[in-house]
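Q: Predicted model, plus sequence, below.
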Amino acid sequence: MSSAAILEPGVLRRYANDQLVTLAKLVLENAFQPIVEMGTGSVFGYESLLRGHERIGFSSPLDLLDQAQDAGQLLPLEQMLANRALAKFAALPDFSSATLFLNLDVRLIRHGEYFIDKLLQSLRKSAIPPSSVCFEFSERFDNTSVPEFANLVTHMRKAGFKLAIDDFGVGHGEMKLLCDYPVDYLKIDRHFIAGIDRSPRKRHLVKNIVSIAHVLGIRVIAEGIETEQEFVACREYGVDLVQGYFIARPTTFPAELQPAFPHLADIGRLRSSQSLDEILIRRQIENLPSVYENESIDKVFELFRKNPRQAFFPVLNANGEPRGVINEYHLKEYIYQPFGRDLLKNKVYERTISHFVDPAPIMGLDADAEELMSLFASMENSACVILTENMRYAGVVSAASLIKVINEKQLKIAQDQNPLTGLPGNRAIRDFMQEAGRDDEETRFFCYCDFDNFKPFNDHYGFHVGDHAITLFAALMKRYFFSEGDFLGHVGGDDFFIGVRDWTRDELTEILERLLSDFHTDVAELYSPEERAAGKIRGHDRSGAERDFPLLRCSMGILELPQGLLLDDVGRIGAKIAAVKAQAKASESGLIFATFGETN
């Protein structure tokens, strides 16, 4: 048994200053926690976390690091932990396609270049590319206030490392980092994720943080996901990557790590097919040749020579993730001056592609066309939007291509409109239901309208009068629902759809009752005086038997999605609406409300 195991932790801590690194080697371990791609459930990387500090009397990793700093041993301690993390990472079967996230203590920034150079030596021995390592800048202190910080960031980027802002939202200088430095990932602190499904304020903040990050070409990681509801909410607000106990706890045993959590892709939603936007965007995507950031500048010269009409090319890291673009105009000053190209290759002045990368907005292929256009417009002087699939480069779209997508989408929507009423059809209704289901900041109502006794009426008076009844109802819908957020759709035949947001149930009930009353009054005028007076007509039912039928009326089944309920499964919504519609047709009033998730 070792002496470290015999002594009390408090005793160890008291005498640890001179031998802290030696003791740390005996008891400290690196635990890995998976960071997972939101859309697929595939593991993107691992964050290295310190474990075992309590064995030598420290209450937390920060407590240990503080004493190491006081004892002048922080640099060797962090070097030892980083090298151990790299060794464990290199032993993983999927390390070549994964990213290792390492925390960088702000107090090491003054020694940062030395630390990085030593780490690069270890990477070369392990055959790990620098782009497989991402340094997280903790916001416990203000990184940007350290004079050496800017030079360290430049050194890291030139070497090919990735950078992340950790604990975004609760620390120092995050906006300065976003504004002034080339960051790859932004990790939203657990404070904003905890209970996000129940907090409109948190949802609003996270949605806007994601939007800002994507405009800057930064991917977003949500930290501390602990429930399925938090996971679903983060996905719907555009978060790219997640980590937390809901996915997997940190472990010191590599055998417990798994390459994917495929069930995550299906939680809370049923995506049976590509959206119209994604289909149209895939048609317009341009798969430009790309270059890797650490390649020689000669590679770019050769690409521009072979593609004289192309003004830029996407730049990727070694893992195939977009870094930005390299624009031709950056190289012109070298091309058109004597010995310019030779200067770029000079060993003293040598420049790799990473020196000339410009940021570009980055979005997934499943983004909405309007969202892409808004992103493009927000990024000044951007040549394109870079599109990714499962976080890897998939191609680019230009402004001209996006305009084509928007125009084609509008044409498809117009073609989907019902020719009789001019109202949007089933595709638009489905898109509205999906988009509204995701927007849980307001109460939403989905109303399914279906005529009762329409077939005998249509058979008796002919389809011209039947069409008159249909257009009459459509006109009444437009009279009562005309606000910007209201949606009217024509499912087909005598079936209609009304979607509204931010109404109360009492307000909607009043309007729908007036609509139904007007329709019943107006449609009665289409009957003969005798049949109108009798309140019935003679006709045949669907089995062919002759019998009396009441005058035409409309039944409405209304499904309420309460504020705070986030739902992306249109199939579940549709099934519930169908059940409510059946209840409405069987009811005396013809008007039935139901709340999603509640049982009668």
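A: Arrived safely. Residues are numbered from 1 along each chain as shown.

Q: so where do the helices sit in the stretch 451-600 of the chain?
A: Assigned by DSSP state H, counting those that start in this stretch, the stretch 451-600 of the chain shows helices spanning 454-461, 463-480, 505-524, 529-534, 570-586.

Q: which of these is buried the deepest?
A: For the helices of the stretch 451-600 of the chain, the largest average neighbour count (mean count of other C-beta atoms under 10 Å) is found in helix 454-461, namely a mean of 18. C-beta coordinates here come from the backbone N, C-alpha and C atoms, glycine included.

Q: Quick one: residues contacting the residue nearest the centre of the chain.
A: Nearest residue to the geometric centre of the chain (C-alpha atoms, centre = their mean): Gly238, 2.0 Å. Going by C-beta atoms under 8 Å, 6 or more residues apart in numbering, Gly238 touches 207, 210-211, 214, 220.

Q: Which secondary structure element of this protein has the lowest mean pLDDT?
A: helix 3-6 (a mean of 45; mean pLDDT, DSSP states H and E).

Q: Please give the three-state secondary structure assignment for the nearest residue to Thr227 once chain neighbours are set aside.
A: Leaving aside its sequence neighbours, Thr227 sits nearest to Phe246 (C-beta to C-beta, 6 or more residues apart in numbering; 6.0 Å). Following DSSP: H, G, I helix; E, B strand; the rest coil, the label given to Phe246 is coil.

Q: pLDDT value on the residue in the chain sticking out farthest from the centre, please?
A: What lies farthest from the middle of the chain is Glu530; by C-alpha atoms, centre = their mean that is 61.5 Å. pLDDT for Glu530: 92.

Q: Ok, Asp63 next?
A: pLDDT for Asp63: 88.

Q: Which helix or strand contains it?
A: Per DSSP states H and E, Asp63 falls inside helix 61-70.

Q: By neighbour count, which bits of that helix are buried? Give me those.
A: 61, 64-65, 67-68 (16 or more other C-beta atoms under 10 Å).

Q: so what's Ile429 closest to, chain neighbours aside?
A: With C-beta to C-beta, 6+ apart, the residue lying closest to Ile429 is Gly489, at 4.0 Å.

Q: Quick check on Met363: phi, psi?
A: Met363 has phi and psi values of phi -140, psi 160 when expressed as degrees, to the nearest 10.

Q: What about it, how many residues nearby?
A: Residue neighbour count, defined by other C-beta atoms under 10 Å, stands at 22 for Met363.

Q: any idea how far it is from Gly244?
A: 24 Å (C-beta to C-beta, to the nearest Å).

Q: what does Glu278 give?
A: Taking C-beta to C-beta, one finds Glu278 at 28 Å from Gly244.

Q: neighbour-wise, which of those two wins?
A: Gly244 (23 against 16).

Q: quick one on the thing from earlier: now do the helix holding Asp63: which elements does it pack against?
A: Applying 3 or more C-beta pairs under 8 Å, 6 or more residues apart in numbering; DSSP states H and E, we find helix 61-70 packed against helix 20-27, strand 43-51, helix 74-90.
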